[in-house]
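*Asks:* have a look at this prediction, sequence included:
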Amino acid sequence: MRLDPGLPRRPAEPTARPVPAAARLRSVEVGPLGGEEQRRYLSEARQLGDPELVEAIIRRSGGIPSQLDLLADVVRKQPGITLDEVGGLEGQDLAERLPKA
């Protein structure tokens, strides 16, 4: 048997397999935000200019970031929503008011 001189003399080292993106993710717990953090998020990041609506969202969300985000989506997509309507949003009612993709 004749060996090709162009081939390496020792076996090649196995190549590293790429790690799937899901394996690189890590879970991070985020607790409730403080009042000023909530106000800043809603006014700056979500660009909600009505201070009364911002306060209604804060009261309804309990500082939970995902609730802040959902309520801000509803308020932005439903101009004219009242403070009482924001305060009463929960469960199925909130889900029904979310913008459809």
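*Replies:* Perfect, thanks for sending it. Residues are numbered from 1 along each chain as shown.
*Asks:* check which helix or strand covers residue 17.
*Replies:* Residue 17 belongs to no helix or strand when assigned by DSSP states H and E.
*Asks:* over to residue 69?
*Replies:* helix 65-77.
*Asks:* pLDDT averaged over the helix or strand following that helix - what is it?
*Replies:* Note on helix 65-77: by DSSP H and E, the next helix or strand toward the C-terminus is helix 83-88. Averaging pLDDT along helix 83-88 gives 88.
*Asks:* and the closest residue to residue 43 other than its chain neighbours, how far is that from residue 40?
*Replies:* Nearest residue to residue 43 in three dimensions, chain neighbours excluded: residue 54, at 6.2 Å (Cβ to Cβ, 6 or more residues apart in numbering). Yep, even glycine has a C-beta here, placed from its N, CA and C like the rest. Going from residue 54 to residue 40 by Cβ to Cβ, to the nearest Å gives 10 Å.
*Asks:* the two: which has the busier surroundings?
*Replies:* residue 54 (21 against 12; other Cβ atoms under 10 Å).
*Asks:* isn't the more buried one right up against residue 39?
*Replies:* Yes: using Cβ atoms under 8 Å, residue 54 makes contact with residue 39 at a distance of 6.0 Å.
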